[in-house]
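Enquirer: what follows is a predicted structure for the sequence shown.
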Amino acid sequence: MKNKFLEIKNVDFIIGGKTKVKNASFDIENEGDTLCILGPSGIGKTTILRTIAGLEEVEKGSIKLNGNLMSSKDKHVEPEDRNISLSFQDNSLFPHYTVEKNIKLGAEKNATKKNKKLTFKEIIDFLDISKILKKYPHEISAGEAQRASLARSLLTKPDLLLLDEPLSNVDQSFKEEIQVKLKKILSKLKITTIIVTHDSYEAFYLGNKCAIVLDGQIKQFDDPYNVYHFPNSIEVVNFLNRGILIPAKVTGENSLENKDLGTIKGNFIKHYPKGSNVKLLLQPEDLEHDDKSNLKLEVVDRKFRGTNFIYTLKTNSNLLIPVFVHSHHEHQHEADEKFGIKRPINIDHIVCF
Amino acid sequence: MLKNLNIWVLSSLLVSIGVLIPIFTVFFSFFEETSNYYQILKDTFLFEYIFNSFILLICVLALTFIIGTTCAYLVSFYKFPFSNFFKWSLILGFAVPPYIYAYSLTAFFENYGTAFTILINLFGEGEYNKYIPKFDGLLGAVLSLSFSLFAYVYILSRASFLYQSQNLIDLGRSLGFSKFKSLYSLILPAARPAIIAGLSLVAMETLAEFGAVDFFSINTLTTGIYNSWITFDDLAFSNRLSFFLLIFIFACFIIENFSRKNAKYHFNSRGGFKHKEKITLTGKKSFFAFLFCFIIFFLSFLFPLSQMLYWTIKFPENLFDIDIISLTLNTIYLVILSSIVLILFSLISNYGNRVSRNKILNFLSTISISGYAIPGVILAVAFITFIAWFDDNVVKTLGFLSIKKIFIGSVLGLVLVYFVRFYSLAFNGIKSGYEKINISVDESSYLLGYSKKKTFLNIHIPFLRNSLLFVAILISLEIIRELPITLILRPFNFETFATTAYISASEDLLEAAAVPSLFLILIATIFIMLTSKYILREE
């Protein structure tokens, strides 16, 4: 049987004597894949990275890289012997060296390793840090420090690259550009990567797989598409802020009924017996606006989001439902006005709990 | 702990235990029998010892507070003629140990002293002695200690004023506070931890002072300890007195530690320190600010320096009575040896603490730095007590030759006790350098494939270079000025500038004490000037 590139089995992730994530199992199947770990602040995402890097020890379970045991209760390979690179969220550049020297220290490691070739200049250009090379860490901004740290990590040619919120301090305007470049370079160099982030869109874009950490456990480990469309628990729905849950009754193979919205059709992702009472996940893109429809709901609020508006509508049972409308729609609705919803309601994937 | 036991942790554990031995010796000796001298003293002098120590302490604290904070306030918030010069020159008082100040004070004001000579030269022959005030006894000791030690309060409160936010000053202004109201209701309370930390250092030094109080023949706990050992040969009683003094000092130490913890709450904005707008003084205010700082600078540094210089010129024969080259070499020898040993072990200990993150080790390090709070006299006596006990109970029992000669009256013994006394200086100096290195820097280094040793040598040492230099100079400064330990433990015929000055002064040959004192002041001044940038925290 082929070994998985990274295999984490039943590990308790502990920091300072405190268990942050319990009995976690996940893996990275192939070399060059990217896994994104998503979760709220303080949940233990960084602890997971630190443990994989070898900075924290493991008391239960095992971590294997390329088939080699790195951490278990009885074995601990020191961080310096793992060839795993971790780029910290906070500035971890050596304060007494210039940015250039800091980055070149990364190049010293595995200098003879040839299979993954990346020149100093390429990485500098890619991260747009040529102007700060002669500066000292205290003379640059947090975002620049983060990029310099990322450059150093990339240059170490690691077997596994761990990035802790790599773009959290980078300016919004520059963030997307870096995301695109980062994805390109990781795939070009086939660097296996784990990225910790709290930005779900960043995770969905960069990751081949996503792990959602909630309440001290890995709640969902799946493709970004599945995480987005088929969240496996109410907690994941709430964390991703994907919509609202409304009460409904299963009326057939492909339909259910809600008191305020009427019949809703689509494909259930999980089978429910006819007549069951469920909670249906209704996402903003599930409903369509139609001025001519006889299903009218009251507008409570309208948020402008650039390409679209998000209307918050109130049903007769006082449920608040979000609906996307393209911002070029011919007219806008004000608060207290009536807002038509197209019938029949069709949802591609019906997610119920 | 055993799981993480490595060479670093083991070394720092040994250093901590080594430093703690003399401290524990004092505590254990408290319960030993003493001669009748204890009873006599309990009935007669003990109260006087404690009373004098207490009065001395209160007066010195009051005076150093007034001088230190006023100078710091003036140079931190105002511009006036020479304010930049006073900013650093006011720390030169450190170059004059209290005992040399005491010699200068006596030399100037004594009957037919320097003041008398000046008056004769100015106004001709006359009976001036009765008009010249006499600064001896307790008053002399208070003045000597205050002018020598006020720099502690000055440096720490100035650093605190310097880092106070401009917002604090602006807030006072916007609330319509007068300058005086801003000072007592905003600036001083905000600097309180720093001022208390400075005063605690003054308190520890005052209680530990031996040279000046001995010169003025004041019976304090420190002179009591020295005399009970030297005159009455009662080591046990000497230790018992030390115990009382230690309790006094530990109280100061706890206060100091407590206020330093608070001092961490001073906020530090990213991008470093921003200079506050200083107010330019004009007219009378400017003159009085200049006058105050000048008087303090004059009294703390120029006065003792010129007195010693005057006597050296007046009695040039004394220059040839002492072997300056040999004194310089002895001093340098002690300085280099002690600095190397102290820095090496403090580095190892600091790194051990850092890599192990072990609470027990951390606790041991915290108590082992208390050596600085313990007067040199006590440490020297405790060291002799311990060596004597170890020799009698362990070495001889095992059938080995006596080790007393190796440790007592030898450079090795001297360096060992200096080590205990100044370990905190080295340890804390390096620690404050280490605190600037985020732990993620170490982790990054491991992840770059550096071992612990390589991280220590390639990452930490280059970063700590300036801190190490600073610590080395600070240790040198202390060792040059140090008196009681050197006096008690030095090898036969091995003198330093400090001991030569003391011996001459105690033989009533103040003129002869001038030459070594002058050299001591000059060398100390050079060291202070080399470190002034760090001491004033402008880096």
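Expert: Cool, got the structure.
Enquirer: lowest-pLDDT helix or strand in chain B?
Expert: The weakest-scoring helix or strand in chain B, judged by mean pLDDT, DSSP states H and E, is helix B:37-43 (a mean of 65).
Enquirer: list the contacts of the closest residue to residue A:317 other than its chain neighbours.
Expert: Leaving aside its chain neighbours, residue A:317 sits nearest to residue A:260 (5.5 Å; criterion: Cβ to Cβ, 6 or more residues apart in numbering or on different chains). For every residue, glycine as well, the C-beta is placed using N, CA and C. For residue A:260, the contacting residues are A:246, A:297, A:315-317, A:319, by Cβ atoms under 8 Å, 6 or more residues apart in numbering or on different chains.
Enquirer: middle-most residue in chain A, spatially?
Expert: With distances taken as Cα atoms, centre = their mean, chain A has residue A:203 as the residue nearest its mean C-alpha position (3.0 Å).
Enquirer: tell me what the nearest residue to that one once chain neighbours are set aside is bridged to.
Expert: Distances taken as Cβ to Cβ, 6+ apart put residue A:36 closest to residue A:203, at 3.6 Å, once the chain neighbours are dropped. Under DSSP bridges, the beta-bridge partners of residue A:36 are residue A:195, residue A:210.
Enquirer: distance check, residue A:36 against chain B.
Expert: Computed as Cβ to the nearest Cβ, to the nearest Å, the residue A:36 to chain B distance reads 20 Å.
Enquirer: same check, this time on residue A:233
Expert: Separation of residue A:233 from chain B (Cβ to the nearest Cβ) stands at 34 Å.
Enquirer: residue contacts, that residue?
Expert: Each residue near residue A:233 by Cβ under 8 Å, 6+ apart is listed here: A:219-220, A:353.
Enquirer: check residue A:30 too.
Expert: Neighbouring residues of residue A:30 by Cβ under 8 Å, 6+ apart: residue A:5.
Enquirer: where's it relative to residue B:443, distance?
Expert: Applying Cβ to Cβ, to the nearest Å, the value for residue A:30 to residue B:443 is 28 Å.
Enquirer: what of residue B:212?
Expert: 50 Å.
Enquirer: got it, and residue A:84?
Expert: 12 Å.
Enquirer: so these two - more neighbours on which side?
Expert: Between residue A:84 and residue B:443, counting by other Cβ atoms under 10 Å in any protein chain shown, residue A:84 is the more crowded of the two (26 against 19).
Enquirer: not counting its neighbours along the chain, what's nearest that one?
Expert: Closest to residue A:84 by Cβ to Cβ, 6+ apart is residue A:160, at 4.6 Å.
Enquirer: same question for residue A:289.
Expert: In this structure, residue A:289 finds its nearest non-sequential neighbour in residue A:325, 4.9 Å apart by Cβ to Cβ, 6+ apart.
Enquirer: that neighbour belongs to a strand, doesn't it?
Expert: Yes. With DSSP: H, G, I helix; E, B strand; the rest coil as the criterion, residue A:325 is located in a strand.
Enquirer: my read: the residue nearest to residue A:84 touches residue A:195, true?
Expert: No. Assessed by Cβ atoms under 8 Å, residue A:160 is found out of contact with residue A:195, at 11.7 Å.
Enquirer: just the CA coordinates for the helix or strand where residue B:305 lies, please, in PDB.
Expert: Assigned by DSSP states H and E, residue B:305 falls within helix B:303-314. The C-alpha coordinates for helix B:303-314 follow below in PDB (Å, rounded to 0.1, in the frame of the first residue of the first chain):
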ATOM      1  CA  PHE B 303      34.400  68.200  44.200                       C
ATOM      2  CA  PRO B 304      35.800  64.800  45.100                       C
ATOM      3  CA  LEU B 305      37.800  64.700  41.900                       C
ATOM      4  CA  SER B 306      39.400  68.100  42.500                       C
ATOM      5  CA  GLN B 307      40.100  67.400  46.100                       C
ATOM      6  CA  MET B 308      41.900  64.200  45.300                       C
ATOM      7  CA  LEU B 309      43.700  65.900  42.400                       C
ATOM      8  CA  TYR B 310      44.700  68.800  44.700                       C
ATOM      9  CA  TRP B 311      46.200  66.500  47.200                       C
ATOM     10  CA  THR B 312      48.000  64.500  44.600                       C
ATOM     11  CA  ILE B 313      49.600  67.700  43.300                       C
ATOM     12  CA  LYS B 314      50.200  69.000  46.800                       C
END
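Enquirer: can you show me the helices along the stretch 201-350 of chain B?
Expert: Assigned by DSSP state H, counting those that start in this stretch, the helices in the stretch 201-350 of chain B fall at B:211-215, B:221-230, B:235-263, B:283-297, B:303-314, B:317-321, B:324-356.
Enquirer: near chain B, which residues of chain A?
Expert: Contact residues, chain A versus chain B (Cβ under 8 Å from any Cβ of the partner chain): A:50, A:53-55, A:78-86, A:88, A:90-96, A:105-106, A:108-110, A:138, A:149, A:152, A:156.
Enquirer: quick one on the thing from earlier: strands - which of the contacts of residue A:233 land there?
Expert: Per DSSP state E, strands hold the following members of the contacts of residue A:233: A:219-220.
Enquirer: between the contacts of residue A:233, which sits nearest residue B:474?
Expert: residue A:219 (55.6 Å; Cβ to Cβ).
Enquirer: and the closest one, how many neighbours?
Expert: By other Cβ under 10 Å, 19 other residues sit near residue A:219.
Enquirer: quick check: which element contains residue A:10?
Expert: Assigned by DSSP H and E, residue A:10 belongs to strand A:6-15.
Enquirer: residues in contact with that strand?
Expert: Contacts with strand A:6-15, where a contact means Cβ under 8 Å, 6+ apart, come from A:19-28, A:44, A:47-48, A:50-52, A:56, A:58-66, A:71, A:160, A:192, A:194.
Enquirer: recalculate using a threshold of 6 Å.
Expert: Under the criterion Cβ atoms under 6 Å, 6 or more residues apart in numbering or on different chains, residues A:19-28, A:44, A:47-48, A:51, A:56, A:58, A:60-65 lie in contact with strand A:6-15.
Enquirer: same check on stretch A:77-88?
Expert: Here stretch A:77-88 makes contact (Cβ under 6 Å, 6+ apart) with A:49, A:53-55, A:70, A:149-150, A:153, A:156, A:158-164, A:166, B:440, B:446-447, B:449-451.
Enquirer: report the buried members of the residues you listed.
Expert: With neighbours counted by 16 or more other Cβ atoms under 10 Å in any protein chain shown, the contacts of stretch A:77-88 contain buried members at A:49, A:53-55, A:70, A:149-150, A:153, A:156, A:158-164, A:166, B:440, B:446-447, B:449-450.
Enquirer: from those residues, which ones fall inside strands?
Expert: Among those, DSSP E puts A:70, A:160-164 in strands.
Enquirer: how about stretch A:255-270 as PDB, C-alpha atoms only?
Expert: What follows is stretch A:255-270, C-alpha atoms only, in PDB (Å, rounded to 0.1, in the frame of the first residue of the first chain):
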ATOM      1  CA  SER A 255     -38.800  18.100  -2.100                       C
ATOM      2  CA  LEU A 256     -39.600  19.700   1.200                       C
ATOM      3  CA  GLU A 257     -42.000  22.200   2.500                       C
ATOM      4  CA  ASN A 258     -41.600  25.400   4.600                       C
ATOM      5  CA  LYS A 259     -44.500  27.200   6.100                       C
ATOM      6  CA  ASP A 260     -43.400  30.600   4.800                       C
ATOM      7  CA  LEU A 261     -41.700  29.700   1.600                       C
ATOM      8  CA  GLY A 262     -43.800  26.900   0.300                       C
ATOM      9  CA  THR A 263     -42.300  24.000  -1.700                       C
ATOM     10  CA  ILE A 264     -38.600  23.800  -2.100                       C
ATOM     11  CA  LYS A 265     -37.100  21.400  -4.700                       C
ATOM     12  CA  GLY A 266     -33.700  20.000  -5.200                       C
ATOM     13  CA  ASN A 267     -31.300  17.000  -4.600                       C
ATOM     14  CA  PHE A 268     -30.900  15.900  -1.000                       C
ATOM     15  CA  ILE A 269     -27.200  15.200  -0.200                       C
ATOM     16  CA  LYS A 270     -28.400  12.800   2.500                       C
END
